[in-house]
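**Q** Sequence plus the predicted model coming up.
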Amino acid sequence: MGREFVVTQPSREPQQDRSRITRERLLSSTLDILAEHGWASATVARVAEEAGVSRGAAQHHFPTKEALITAALEEMFTQLTSMAESRAELPAGPERIRLVVDRAVDIYTGREFKAALQVWAAAASDELLREQITPLEAKFARAAHRMTLNGFDPDGTDPRAFRLAQATLDLARGLGLADTLTDDSKRRAQVVDTWTEQLTTALTLTD
């Protein structure tokens, strides 16, 4: 009786998974290019090269730059909003205030915000792009304010917390802008320390 041989076929990643991974790589590369090189550099060809896929594969997912940017915008603001909605445990007391400020600053100095800045600048002279990003930005802004407000005033009893949360986000946004051209980390740390001290005093005062 002859010996039987079983030929094992190499496992293959399902087509759907490969397609999803390719799409994720393209979107991630788009955000990288926007953040590091600017709006004009975020072409389908440049993104495909950065992602390590063929231009044909990139155009299969995103036939035009407009389609690529639309998907990248949704991904960018989804990530920003997700960071703002993070429900990481926060300690009680003054340390809580510092962690909330740090979280806000981290959001506005990260890759996603740097990419968003490039899109906002382009949207200033592009009405269709502006209409597209306005609701996405508004959703993110609401989430960021809610995160900061809840961190400062978890019980909802301090009337000062609402405006202090908004001021904190304005400060964080300004620090993010300052960080786009040069490494502003040293000065930023000093500003954050000073602002945290002011917040701690304001939010722990007793009437």
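**A** Great, that's in hand. In this text, all values refer to a predicted model and were calculated from it rather than measured experimentally.
**Q** Output the contacting helices and strands for the helix or strand where residue 97 lies.
**A** Element membership of residue 97 [criterion: DSSP states H and E] is helix 94-108. Packing contacts for helix 94-108, counted by 3 or more C-beta pairs under 8 Å, 6 or more residues apart in numbering; DSSP states H and E, involve helix 65-84, helix 127-152, helix 161-178, helix 185-203. For the C-beta atoms, the positions are set from N, CA and C on the backbone; glycine is no exception.
**Q** Burial check on residue 119, number of neighbours?
**A** When neighbours are counted by other C-beta atoms under 10 Å, residue 119 registers 23.
**Q** now swap in residue 127 and tell me
**A** Per other C-beta under 10 Å, the neighbour tally for residue 127 reads 9.
**Q** just residue 66 next, same as before
**A** Applying other C-beta under 10 Å, we find 13 residues neighbouring residue 66.
**Q** Now do it against residue 128, distance only.
**A** Using C-beta to C-beta, to the nearest Å, we find residue 66 at a distance of 9 Å from residue 128.
**Q** Check residue 93 too.
**A** 48 Å.
**Q** swap in residue 55?
**A** According to C-beta to C-beta, residue 55 stands 25 Å off from residue 128.
**Q** rewinding a little: now the helices and strands packed on helix 94-108 in TSV, with mean pLDDT and distance to residue 37?
**A** Output for the helices and strands packed on helix 94-108, formatted as TSV (pLDDT from 0 to 100; distance: least, C-beta to C-beta, whole Å):
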stretch	mean pLDDT	distance to residue 37
helix 65-84	86	14
helix 127-152	91	18
helix 161-178	94	18
helix 185-203	93	21
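**Q** Could you export those helices as a markdown table, including distance to residue 20?
**A** Converted to a markdown table, the helices and strands packed on helix 94-108 look like this (distance: least, C-beta to C-beta, whole Å):
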| stretch | distance to residue 20 |
| --- | --- |
| helix 65-84 | 13 |
| helix 127-152 | 22 |
| helix 161-178 | 31 |
| helix 185-203 | 35 |
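**Q** If you count surrounding residues, which of residue 55 and residue 128 has more?
**A** Just comparing residue 55 and residue 128: by other C-beta under 10 Å the higher neighbour count belongs to residue 55, 14 against 8.
**Q** contacting residues around the nearest residue to residue 129 once chain neighbours are set aside?
**A** Leaving aside its chain neighbours, residue 129 sits nearest to residue 123 (4.4 Å; criterion: C-beta to C-beta, 6 or more residues apart in numbering). Applying C-beta atoms under 8 Å, 6 or more residues apart in numbering to residue 123 gives the contacts 129, 130, 132, 133.
**Q** for residue 27, same thing?
**A** 71, 72, 75.
**Q** which of the residues you listed tops the neighbour count?
**A** For these, the largest number of neighbours (other C-beta under 10 Å) sits with residue 72, at 24 neighbours.
**Q** so how far is residue 48 from the nearest residue to that residue once chain neighbours are set aside?
**A** Once flanking residues are discounted, residue 72 sits nearest to residue 30: 4.1 Å by C-beta to C-beta, 6+ apart. From residue 30 across to residue 48, the span is 10 Å (C-beta to C-beta).
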